[in-house]
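> The sequence and its predicted three-dimensional model are supplied below.
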Amino acid sequence: MRYFLSTFFCLLLGLALVESAYASHVRAGEITAVRDRSAANRNTLTYIFTFTMYRDMCGSCVQAGPEELFFGDGTSSGRLEPVSKDTIGNRTEKVTYIYTHTYSAPGIYIIHISVENRNDKVLNMFDSLNTPFHVKTTLFINQSVGINNTPILLNAPIDLARVGQRFIHNPDAFDIDGDVLRYRLTTPQLGYNRNVNGYRHPHLVQPPGRSETRGPATFSIDSLTGDLVWDSPVLQGLYNVAFVIEEWRNGIKIGEVVRDMQIIVRDNPNNRPNLEIPNDTCIVAGSFLQGVATATDPDKNRIRLTASSGLFQDNFPAPKPTFTVPALQMSPVTGLFEWQSECVHVRKEPYQVVFKAEDLPGTGDDSPNKLVDIKVWQITVVGPRPTGLRATPQGANMQLSWDAYTCSNAAEMIIYRRVGCTDIDTSVCNTGLVAATGYVEIGRVPIGTTTFIDTNNGLGLDPGTNYSYRIVAGFAPPQGGESLASAEACTALSLDMPFITNVDVQATSSTQGEILVKWIQPLELDTKVNPGPYRYDLYRGNGFQGGALQRIRTVTLNSFSQATAGDTTYLDKSLNTADSVYHYVLFFYTGAGLQDSTQSASSVRLTATPVVNAIELSWQAQVPWSNANTTHKVYRESRAAKGSFELIATVEVGAESSFRFTDTGNGIVLDEDSLYCYYVETSGSYSTSKIPSPLLNKSQVICASPLDTLKPCPPLLAIDVLDCASFVADKGNCNLSSFSNKLTWEPAAISASCDEDVVGYRLYYKRYMEDEDYELIASLPATAREYVHSGLRSFAGCYYLTAVDEDGQESDPSNEVCKDNCPYYELPNVITVNGDGKNDELRPFECPLFVEKVEISIHNRWGRSVFESEDNIFINWDGRLLVTEVSSEGQVSTGVYYYLAKVRFARLSRKDELVQIKGWVHVLR
């Protein structure tokens, strides 16, 4: 009740009294880090840290400052002194502290700082006046990721909010390294890993607000742009919020910066201005960019229009952009952004330009009622398109060449290939080549190289196939980025080789199988340059491809005009086509010797999988032509005439993964006691119309029966019971490191709805109750009635059992049984640090059970931390002081100290694992 009366009293006093009640303390702040690149420190682990603090301006107030900056390696700065103090408007002073620190080794460091205290009467936390301000930054130093600078925040957090109007803030974070930045909300903190008490997001403070569109109030941050939006405040006063800016490189998070900031909400008669800015855009390096931003004010107030961005920073590569705008004028106001981009500006992540329109009611240069609108313009700079790509056939390979690339700061040229000529979208924002275009990367060369030979990894390219090539320039990380794709170079190798066209199964047998192999003669061989005699050597291998080859046929011709049909066909006999796949390769010789060999072509392999009331068919073949995006036929043996097959389906197929069909009977009911036999006929073609198509090839014949439709009956499962009282009392359990659970079961009662025919059981386990997925841990015979699951790290887990019939069908799951652990952890209230070896340390009572981790923070009655530990479940605190408040021998003084312990137990449910234990301990001597 006292809280609500205080708030009501402030509302009655109005803005002047509310402002006078605010103590002159910290409003906002953040820590940033920059690698020291000076000549003396260029090759060291030296960083320059900047703590930027924003605080109230009050002439009669005592201004608190930070005591010291902790660097995360066990060292700190000592008491800091500011290097600058700047008045930045809205009764706010920006105070900057800078400190240089050298680390002894790479690592992950958390840099943090505390300042006492925050402003009084912050509405979304408890007792803000006595709550320290604390922020931290995480820095990842590792040679594998390269030099790392944290982002800097270019937009000060001083903008005002008004009741009933949408509030927006953007930190305008800029990373000179070009790392990916992502944003998320967090909770303000009062100390290292200690959240402020009673925090609520501002839109949840009572009474609840409404958005400008009259929906429920919202508070969020855009993870991509960093726009922090509160739509909209309902109660004037002070609020503090915090957010994290994550820094990512090559999929690895390499840092975080936390900004804790204050939002001042007033209820003055003013409406915020409105901004109109250009749409997000992509430009090619070297082009000139113009953009117009226009600000209007519904109250016709004067407007200050500004643009901030890392593009304007001193360390940003020239040429820098300009933003031309009147200093201050009546609504509307227009500003012109202009930028001559260059190759050095190419990067993967877009640049952000943050436009801010600030209205100024009244006549002065500042106003306590001013409001802002902020919008972000994202500009992506891509590399110019490579030019002059040419593709020239060179035997079985393709010789590529192109013009020297325009941007010398690019790192490499990436070469792509696809089958078939094509047009793709090459608009400015489509850099590189995505998989959907059908292009596959085949190589990379340094940017200074202008040639590449495509050998298809030494296998050679297929004659007659049209190959399309494009190249893309890649830029080095961390900036990264790519160019637009080049124009296409599309051509084909000459058809100067024979082509296998058929590998057709004629007979299915384990010993007398037959496959018909066909090929066509070279269509574009220059016989004057390559005179005869000519020879074909046909080889066979086992499997779809690879392995040893056996020569099975040789054909010799003096000229192609003398060839007969038998010279380009071969019926391969005495094969095991029932169980095996075969592939064939043709070697072609001219009078000069071996010309080349064809790619291997395999037989079509059909698989039949029984399912309930149906049979699932799938097939595959590895061939140099394409069987995709066409029609395949499925045949089934006639029930009336054994050995005669009938067409039962015409299947429209896409990619090879779609080569499948499910036979549900096609007019008949499939009997589980009958055998059904099938083969498929594929249809394919080469990419050139010069080779006749379609190419038709049959699979072997395969037979199967549908599954039995009646599942086995599920068993009844039980687990041994754990008595926690007895288990905790038995001190012999203190040092257990391996645990086991005993499962027992009984077959289900016979029922007409399930099958009592059981040939085995399958036992499944999951570690956590809320997990959805179980893992199979045991397959057991039908005679089994128990199983001991041993070698466990704890008892916790859940199980179910299924019965299995002779068709491999599983029953429905049995009842689920679960077992939890018996956690135990208790701390004493008194320790006597007098060196007598009795009760000299704070440690848990004997035999903590199922404790995985303990994080504890002990602080004095003023809230200052005196001890922290996170890697020892026994704590072993002997009263030794790790921070300040030193007594005569580096020990804490006699008295009562308070602790917060976060204890992680091994439990059945994840939600029960983390337990917070709050308490006190009396230190005696």
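Everything's here; your move.

> measure the closest residue to residue 606 other than its chain neighbours to residue 513 for me?
Among residues not flanking residue 606 along the chain, residue 699 sits closest, at 3.9 Å (C-beta to C-beta, 6 or more residues apart in numbering). Every residue, glycine included, has its C-beta placed from N, CA and C. Going from residue 699 to residue 513 by C-beta to C-beta, to the nearest Å gives 12 Å.

> Now for the two: what residues contact both?
residue 505 (C-beta atoms under 8 Å, 6 or more residues apart in numbering).

> So between those two, which is more surrounded?
residue 699 (27 against 23; other C-beta atoms under 10 Å).

> Count the neighbours of residue 420 for me.
12.

> And it, what's its pLDDT?
Note on residue 420: pLDDT of 85.

> pretty sure it is touching residue 686, no?
No - the criterion here is C-beta atoms under 8 Å, and residue 420 misses it with residue 686 at 11.2 Å.

> mean confidence score for stretch 407-416?
On average, stretch 407-416 scores 98.

> Run through the residues that contact residue 283.
Contacts of residue 283 (C-beta under 8 Å, 6+ apart): 289, 341, 379, 380, 381, 382, 428.

> just residue 892 next, same as before
By C-beta under 8 Å, 6+ apart, the neighbours of residue 892 are 860, 866, 879, 880, 881, 885, 923.

> Report the mean per-residue pLDDT for stretch 49-56.
Rounded mean pLDDT across stretch 49-56 is 95.

> Just the C-alpha atoms of that stretch, please, in PDB.
C-alpha atoms of stretch 49-56 as PDB (Å, rounded to 0.1, in the frame of the first residue of the first chain):
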ATOM      1  CA  PHE A  49      38.200  -0.200 -22.200                       C
ATOM      2  CA  THR A  50      35.700   2.600 -22.000                       C
ATOM      3  CA  PHE A  51      33.000   2.900 -19.400                       C
ATOM      4  CA  THR A  52      30.400   5.400 -20.500                       C
ATOM      5  CA  MET A  53      28.100   6.600 -17.700                       C
ATOM      6  CA  TYR A  54      25.100   8.800 -18.000                       C
ATOM      7  CA  ARG A  55      23.900  10.600 -14.800                       C
ATOM      8  CA  ASP A  56      21.600  13.300 -13.600                       C
END
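
> when you give positions from now on, start the count at 96
Let's use 96 as the start, then, which means that last one is stretch 144-151.

> Quick check: which element contains residue 292?
Counting by DSSP states H and E, no helix or strand carries residue 292.

> Which residue, other than its chain neighbours, is closest to it?
Counting by C-beta to C-beta, 6+ apart, the residue nearest residue 292 is residue 221, at 4.2 Å.

> pLDDT and secondary structure added to the contacts of residue 987, as JSON lines?
Below are the contacts of residue 987 laid out as JSON lines (pLDDT from 0 to 100; DSSP: H, G, I helix; E, B strand; the rest coil):
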{"residue": "955", "pLDDT": "88", "secondary structure": "coil"}
{"residue": "961", "pLDDT": "90", "secondary structure": "strand"}
{"residue": "974", "pLDDT": "88", "secondary structure": "coil"}
{"residue": "975", "pLDDT": "86", "secondary structure": "strand"}
{"residue": "976", "pLDDT": "81", "secondary structure": "coil"}
{"residue": "980", "pLDDT": "43", "secondary structure": "coil"}
{"residue": "1018", "pLDDT": "91", "secondary structure": "strand"}
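
> Next, give me the two most distant ones among those residues.
Farthest pair in the contacts of residue 987 (C-beta to C-beta) is 955 and 975. Separation: 14.1 Å.

> Look at those two and report which has more neighbours.
Ranked by neighbour count (other C-beta under 10 Å), residue 955 and residue 975 place residue 955 first, with 17 against 13.

> What segments of the stretch 596-745 of the chain are strands?
Assigned by DSSP state E, counting those that start in this stretch, the strands in the stretch 596-745 of the chain fall at 608-615, 629-637, 644-652, 664-670, 677-685, 688-692, 696-697, 700-706, 709-715, 725-732, 740-748.

> Turn those into JSON lines, including mean pLDDT.
Putting those into JSON lines (pLDDT from 0 to 100) gives the following:
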{"stretch": "strand 608-615", "mean pLDDT": "98"}
{"stretch": "strand 629-637", "mean pLDDT": "97"}
{"stretch": "strand 644-652", "mean pLDDT": "96"}
{"stretch": "strand 664-670", "mean pLDDT": "97"}
{"stretch": "strand 677-685", "mean pLDDT": "97"}
{"stretch": "strand 688-692", "mean pLDDT": "89"}
{"stretch": "strand 696-697", "mean pLDDT": "98"}
{"stretch": "strand 700-706", "mean pLDDT": "95"}
{"stretch": "strand 709-715", "mean pLDDT": "96"}
{"stretch": "strand 725-732", "mean pLDDT": "97"}
{"stretch": "strand 740-748", "mean pLDDT": "96"}
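
> Pick the most buried one from those.
Of all these, strand 696-697 carries the top mean neighbour count, a mean of 22, counting by mean count of other C-beta atoms under 10 Å.

> for that strand, packing partners?
If you count contacts as 3 or more C-beta pairs under 8 Å, 6 or more residues apart in numbering; DSSP states H and E, strand 696-697 packs onto strand 594-602, strand 677-685.

> Residue 281: which of the ones you listed is closest?
strand 677-685 (59.3 Å).

> Would you mind pulling up the elements that that closest one packs against?
So strand 677-685, by 3+ C-beta pairs under 8 Å, 6+ apart, packs with strand 594-602, strand 608-615, strand 629-637, strand 664-670, strand 688-692, strand 696-697.

> Who does the third one pair with, and is each partner parallel or antiparallel?
Looking at strand 629-637 with DSSP bridges, its partner strands are strand 644-652 (antiparallel), strand 677-685 (antiparallel).
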